[in-house]
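Q: pasted the sequence and its predicted model underneath.
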Amino acid sequence: MNLFLLIIGLALLIFGAELIIRGSVSFGRKLKVSLFAIGVVIVAGGTSLPELASSINAVLINHADLAVGAVVGSNIANLILVMAATSFLIPISNINQNQINQAWINIGLALILITMSYFFLPFNFLFGILSIGLLFFIMYVQVKQGSLDVSDVEEKGDYSLIISIIFIVVGIVLLISGSDLFVDSAINIANQFNIPEAIIGVSLVAFGTSLPELVVGILSAIKRKVDFALGNVLGSNIYNVLGVLGVSSFFGNFTIPEVIGSIDLLFMLFVTVMILGFMFFLKRLGRTYGTVGLILYFSYIFYIYN
């Protein structure tokens with residue numbers, strides 16, 4: 001029964017995220033927002049909403065370990081599952097400096113989390129204020145540097161402004177409902193198998209909440225909009241740390257679990273440095289990165305469950 005509810009919750013999360021993405025992209029097009037802004041700011045924010053909904057719910061029911069685990073695991077999945085699968089299908093070439101800068105930001109955020117873990121610094125109201133402020137600043141700079149054409153986003157279609165807003169509102173409702181089912185079911189499954197909630201967070205919950213990015217990435221690859229997918233992944237990781245953990249800290253104080261700080265955060269830093277290396281030195285993410293990334297991801301999942 002728990003597995004069935006988990007699947008239902010996951011379906012609601014994905015469908016809700018898809019509505020939000022479609023509504024957000026259409027809304028952005030109506031306002032003449034660039035493709036860069038849509039990918040990094042609007043769509044990245046939309047695909048991070050499952051993590052936000054799940055994390056807030058987890059903090060409210062005093063299971064903050066699940067929230068931190070979901071964010072860290074989702075960032076790992078974005079880099080070596082979503083981006084690896086995307087680049088394996090359609091290689092990403094001609095990496096530009098702005099995309100490299102986003103990878104550097106991801107490394108900086110990983111180092112911040114590692115520092116907080118090492119010194120047992122809490123996620124609290126002050127962290128939330130600073131995180132949201134930094135998030136808005138980073139997104140502002142990214143939008144100012146964006147230069148791609150809005151017309152490139154073909155797959156999301158054109159809706160009226162009212163329909164776009166309805167999509168966003170309905171999507172949020174589905175996300176919240178799906179989050180309740182998904183988090184509760186994940187906790188029950190963890191208890192049944194005596195698996196720590198943090199481990200469930202960095203694997204099962206993280207994979208589920210990364211599915212919107214995976215769908216966007218694969219669709220972008222099929223339509224040869226891989227730059228859009230890269231911006232979505234790197235932007236989502238920024239939203240996860242600053243937006244998800246930042247907003248979640250308004251609902252309760254919590255720290256990074258030792259099991260995540262000692263292994264998963266270091267692995268997240270490693271894979272972030274890896275993708276930066278490919279982007280900086282090779283100026284492309286091709287099938288080599290895709291193969292290495294997928295092998296690392298499934299090896300990581302095998303490791304944490306054994």
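A: In hand now; what should we look at?
Q: what count of nearby residues applies to L89?
A: If you count neighbours by other Cβ atoms under 10 Å, L89 ends up with 17. Where you see a C-beta, it was placed from the backbone N, CA and C, and this is true even at glycine.
Q: again with F137
A: Using other Cβ under 10 Å: F137 sits among 11 other residues.
Q: helix, strand, or coil at it?
A: With DSSP: H, G, I helix; E, B strand; the rest coil as the basis, F137 sits in helix.
Q: show me the shaky parts of this structure.
A: 33-38, 145-157, 197, 201-209, 211, 223, 225 (pLDDT under 70).
Q: centre-most residue in it?
A: Nearest to the mean C-alpha position of the chain, counting by Cα atoms, centre = their mean, stands S236 at 4.1 Å.
Q: roughly how far apart are that residue and N188?
A: In this view, S236 and N188 are 27 Å apart by Cβ to Cβ, to the nearest Å.
Q: and if you look at F119?
A: F119 is 33 Å from N188, by Cβ to Cβ.
Q: buried stuff in the strand or helix carrying I100?
A: Per DSSP states H and E: I100 is located in helix 97-118. Of the residues in helix 97-118, Q99, Q102, A103, I105, N106, L109, A110, I112, L113, I114, M116, S117 count as buried by neighbour count, 16 or more other Cβ atoms under 10 Å.
Q: out of those, who's nearest M274?
A: Within these, distances to M274 taken as Cβ to Cβ reach their minimum at A103, with 10.0 Å.
Q: looks like that closest one contacts I275 (just checking).
A: Yes: between A103 and I275 there is a contact at 6.0 Å, judged by Cβ atoms under 8 Å.
Q: circling back: who touches the helix holding I100?
A: 36, 40, 72, 75, 121, 123, 138, 142, 145-146, 227, 230-231, 234-235, 237-238, 241-242, 255-256, 258, 260-261, 265-266, 268-269, 272-273, 275-276, 279-280 (Cβ atoms under 8 Å, 6 or more residues apart in numbering).
Q: can you tell me which of the residues you listed are buried?
A: 36, 40, 72, 75, 123, 138, 142, 145-146, 227, 230-231, 234-235, 237-238, 241-242, 255-256, 260-261, 265, 268-269, 272, 275-276, 279.
Q: among these, name the ones in helices.
A: Of those, the ones assigned to helices by DSSP state H are 36, 72, 75, 138, 142, 145, 227, 230-231, 234-235, 237-238, 265, 268-269, 272, 275-276.
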